[in-house]
Every structure is written in C-alpha cells, then in structure tokens.
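Asker: no sequence on this one, just coordinates:
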C-alpha cells in the first residue's frame, strides 16, 4: 500500500543490536542543527560510537524529512529556535540535545504536549544514565 520495501526498512531494526540515539548539535549562529546517530545501549556507549550501524529513523519533527538514515545530516532550525524530535514519542529511539537546543526547548516547554515533555525527561535520564549525556544535563 505504501510502496516501500518493508523488508529493507525493517532489516536495520531486526539484524543489529540496540537501537539509535540521535544527537542534536546546533551551530554557533543557531540557524542550523546537525543530527547524528549511533547505537544506544543502556549499558553505555562502549564501542557503539565507532559502530557503523545505521537505522532508518522517523524524525517526527515539523519542517524535517519524514525519516533519517544517514550517519549525520544538517537541517535548518525553525524561527523560534526550538526543534523537538520524535513528536508524540512514537519513534523507538533516544535523543540527546546540546545545551543550545535544550535551552530553546525549555523556552517552549509550556507549548509542548505532555507526552513530549515526558519524552524529553525520559530521554535525558536514560541517556545520562547510560553515559551518552552528562548527568548535570538530565
């Protein structure tokens, strides 16, 4: 019905260990952000950061492509400066935001749906507990 190769799409989810953590880094001017992915394991990064595993990840964010399947890519940031990936928390991945991206999200926290606010907290604690982010950021 969708015309997409389901087997190809699912191979990355069924034939490799872990699942993705997306890291969001904003440029100094704040007009663009780079999203990169690596393997997430609750036991910590270990050699995951050098892994070549890639997933097809539904970005679920306004103004971004539907999915992301490369090691990293750069995107424009919306005018308000805040960009929340995985809106609705329907994607199976973790997200780590750099300081500038976190500050922008804090500025719009009251406008986010409850599930997205809980998702931000859940991602912050899971990624800091596993060593993908600083515990002072959680």
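Answerer: Alright, I've got the coordinates. Computed from a predicted structure; not experimentally measured. Numbers count the residues shown, from 1 in each chain.
Asker: what's near enough to touch residue 136?
Answerer: Contacts for residue 136 (CB atoms under 8 Å, 6 or more residues apart in numbering) come out as none. In this view, the C-beta of every residue, glycine as well, is placed from N, C-alpha and C.
Asker: pLDDT score assigned to it?
Answerer: Per-residue confidence for residue 136 comes out at a pLDDT of 81.
Asker: three-state assignment of it?
Answerer: Assigned state for residue 136: helix (three-state reduction, DSSP: H, G, I helix; E, B strand; the rest coil).
Asker: gap between it and residue 58?
Answerer: 30 Å (CB to CB, to the nearest Å).
Asker: tell me how many other residues crowd the spatially closest residue to residue 43 that is not a sequence neighbour.
Answerer: Sequence neighbours aside, residue 130 is the residue nearest to residue 43 in space, at 7.0 Å (criterion: CB to CB, 6 or more residues apart in numbering). Residue 130: 18 surrounding residues under other CB atoms under 10 Å.
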